[in-house]
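Novice: just coords:
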């Protein structure tokens, strides 16, 4: 995917990206339940996500395999199975967080965030919505942000944005991390109206109209 890497430049330019600022219950942040705190294989393609239309076999597989985390901590631990993700933290006071993000928490549906180092290349950032409804709100906010940016830059977000699970999203700092995430079952959120999948890139419906999920993690 060319997309999440390209988003780094957007972040430097100060585009709207969410983070955690709120103070939720600690048990919610750390999670409980399964050993890993992450489920893979729930059927969100036709029921959980409320998606219309007939899905192809490939699309159903992509959506069914979206990972779901029962906490922001579990989401980080899940990423550590695929990436370096050093010193994962859910502390809002962590200096690796982006203070400018705080104003977007509520409007983007984010309850908690996490961050970790990626072997010196930058920081992986995790945004946990906690629910399908929160993820839908997150995707709506990203779609609306892209719609505004496309007015002045038609190619804004053309290569994709966040890596998306069922209830958490991820920003990766570079191409090495992107390749690592390609085996994580995350998908790439693309809301640019000018986007067209090419080559062997597959797409599936996102939670909101005007966006798609792709498997384009490779440069």
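Specialist: Structure's in. What do you need? Worth saying up front: this structure is predicted, and the values here are computed from it rather than measured. Numbering: from 1, shown residues only.

Novice: what is the neighbour count of residue 79?
Specialist: Residues contacting residue 79 under the criterion other Cβ atoms under 10 Å number 30. In this view, the C-beta of every residue, glycine as well, is placed from N, C-alpha and C.

Novice: can you count the residues close to residue 188?
Specialist: 26.

Novice: and for residue 162?
Specialist: For residue 162, using other Cβ under 10 Å, the count is 25.

Novice: ditto for residue 126
Specialist: For residue 126, the count of nearby residues is 28 (other Cβ under 10 Å).

Novice: strand partners (parallel or antiparallel) of the helix or strand harbouring it?
Specialist: Residue 126 belongs to strand 123-128 when assigned by DSSP states H and E. Using DSSP bridges, strand 123-128 pairs in its sheet with strand 112-117 (antiparallel), strand 168-171 (antiparallel).

Novice: torsion angles phi and psi at residue 180?
Specialist: When read as degrees, to the nearest 10, the backbone of residue 180 gives phi -60, psi -40.

Novice: tell me the pLDDT of it.
Specialist: In this model, residue 180 is scored at 89, pLDDT.

Novice: mind starting the numbering at 46 from now?
Specialist: From this message on, residue numbering opens at 46, which makes the last subject residue 225.

Novice: do you know how far it is from residue 167?
Specialist: Residue 225 sits 13 Å away from residue 167, going by Cβ to Cβ, to the nearest Å.

Novice: and for residue 184?
Specialist: Distance of residue 184 to residue 167, given as Cβ to Cβ: 24 Å.

Novice: that older thread, would TSV of the strands paired with strand 168-173 with distance to residue 108, mean pLDDT and mean neighbour count be doable?
Specialist: Shown next, in TSV, are the strands paired with strand 168-173 (distance: least, Cβ to Cβ, whole Å; pLDDT from 0 to 100; neighbours: other Cβ atoms under 10 Å):
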stretch	distance to residue 108	mean pLDDT	mean neighbour count
strand 157-162	24	91	24
strand 213-216	15	94	27
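
Novice: strands of the chain, start to end?
Specialist: 83-84, 113-114, 131-134, 157-162, 168-173, 208-209, 213-216, 232-235, 248-250, 257-259 (DSSP state E).

Novice: I'd like those strands as a markdown table, with distance to residue 106 appended.
Specialist: Rendered in a markdown table, the data for the strands of the chain read as follows (distance: least, Cβ to Cβ, whole Å):
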| stretch | distance to residue 106 |
| --- | --- |
| strand 83-84 | 16 |
| strand 113-114 | 16 |
| strand 131-134 | 29 |
| strand 157-162 | 28 |
| strand 168-173 | 24 |
| strand 208-209 | 15 |
| strand 213-216 | 20 |
| strand 232-235 | 11 |
| strand 248-250 | 9 |
| strand 257-259 | 12 |
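
Novice: what's opposite the residue lying closest to residue 248 once chain neighbours are set aside in the beta bridge?
Specialist: Leaving aside its chain neighbours, residue 248 sits nearest to residue 257 (4.4 Å; criterion: Cβ to Cβ, 6 or more residues apart in numbering). Following DSSP bridges, residue 257 is listed with bridge partners residue 235, residue 250.

Novice: on the pLDDT front, check residue 257 for me.
Specialist: With respect to pLDDT, residue 257 has a value of 97.

Novice: show me the contacts for it.
Specialist: 234-235, 240, 242, 248-251 (Cβ atoms under 8 Å, 6 or more residues apart in numbering).
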